[in-house]
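S.K.: what shape does this take:
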Amino acid sequence: METVMRTSVYILLLLGHAACIHAQGFVASLSSVSISPGSTVVVNMTAQNVTDMCGFEVNVRFDPSRLEVMSVQQGDFLSESGLVNTFWLNPQIDNAGGKVVNIVGLRLANGTGRSGTGVLARIQMREKTFLAVPYLTYVVFEETQTKFSSSLAQSLVPIGFLPAAIKVGQSMAGDNTLDDNVDMKDFAVLASFWLAECEYLQDECFWSDSDNDTIITLSDLLVLCEDWLR
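M.R.: Residues are numbered from 1 along each chain as shown. Down below sits the predicted model:
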């Protein structure tokens, strides 16, 4: 019953703002972050280079044996930092099942959308294992059936979501092979991803990404050199 009511409210708001059903397909940008065991982290779901975006709906999947969601908050992109009224549907957090269902935001702006890049939602998570062994885990954004486009008749548009990579417990930033040394093996791994953008499940690439910008560049090589032969 609760799910039906939540969906009904969302549909009524959507129909009430039919003029604001603009959105070119967008990509939630890939991100990477390093944390210590037992600490908390905020994962941002970011719309990148969108045109006339008025709303979104997304689910999130994560490893419940390693992470738990503490809260999900609306980002400031659709509201323009509070200048525009928005509808925000509080999502259903299922830490046992490793998912967050129905993260929904809608811009109530008389048919005007938002263009550019910005944060749609902020997900606060906690690492729960306290493991001494480093590991990498992913937070995956999954598209749902509701998308937005320039008309109700064409309301389904492809939306791409890239994951957030969370690196836990890396002892040295240059140690991308996780053997507690920084040597030629680490250099070889970094070189194999040189100028590449890390992709989902490319763990060695993310471990080599010392500055967490998801691209292997000179700044990552400089970090490796600082830790060389430690």
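S.K.: show me the helices in this structure, by range?
M.R.: 2-16, 184-192, 203-208, 218-226 (DSSP state H).
S.K.: pop the domain breakdown of the protein in here.
M.R.: 2-168, 184-226 (automatic domain parsing).
S.K.: indicate which one of the ones you listed is closest to G174.
M.R.: domain 184-226 (3.7 Å; C-beta to C-beta). Quick note: C-beta positions are derived from backbone N, CA and C, even for glycine.
S.K.: what about the closest one, average pLDDT?
M.R.: The average pLDDT within domain 184-226 is 95.
S.K.: and it, end to end?
M.R.: 14 Å (C-alpha to C-alpha, to the nearest Å).
S.K.: now the domains of the chain in JSON lines, with mean neighbour count and distance to D175?
M.R.: JSON lines is the format used below for the domains of the chain (neighbours: other C-beta atoms under 10 Å; distance: least, C-beta to C-beta, whole Å):
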{"stretch": "domain 2-168", "mean neighbour count": "17", "distance to D175": "9"}
{"stretch": "domain 184-226", "mean neighbour count": "17", "distance to D175": "6"}
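S.K.: ok, which of the ones you listed comes nearest N176?
M.R.: Here domain 184-226 is closest among those (C-beta to C-beta), at 3.9 Å.
S.K.: give me the distance from that closest one to the chain's centre.
M.R.: Offset of domain 184-226 from its chain centre (C-alpha atoms, centre = their mean, to the nearest Å): 20 Å.
S.K.: any idea what the spatially most central residue of the chain is bridged to?
M.R.: Centroid-nearest residue in the chain: M45, 4.0 Å away (criterion: C-alpha atoms, centre = their mean). Following DSSP bridges, M45 is listed with bridge partners A121.
S.K.: so S115 sits right up against Q48, yeah?
M.R.: No. Contact criterion C-beta atoms under 8 Å: S115 and Q48 do not qualify, at 11.3 Å.
S.K.: reformat the domains of the chain as CSV; add distance to N176.
M.R.: Formatted as CSV, those follow (distance: least, C-beta to C-beta, whole Å):
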stretch, distance to N176
domain 2-168, 10
domain 184-226, 4
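S.K.: of those domains, which is nearest L178?
M.R.: Nearest of the domains of the chain (C-beta to C-beta): domain 2-168, 5.2 Å.
S.K.: now the strands for this structure?
M.R.: Taking DSSP state E, the strands of the chain run over residues 27-28, 31-35, 40-53, 55-61, 67-74, 86-89, 92-94, 99-107, 114-127, 135-143, 160-161, 164-168.
S.K.: got the contact list for the residue lying closest to N102 once chain neighbours are set aside?
M.R.: Residue nearest to N102 in three dimensions, not counting chain neighbours: P91, with 5.1 Å by C-beta to C-beta, 6 or more residues apart in numbering. By C-beta atoms under 8 Å, 6 or more residues apart in numbering, the contact list for P91 reads 72, 100-104.
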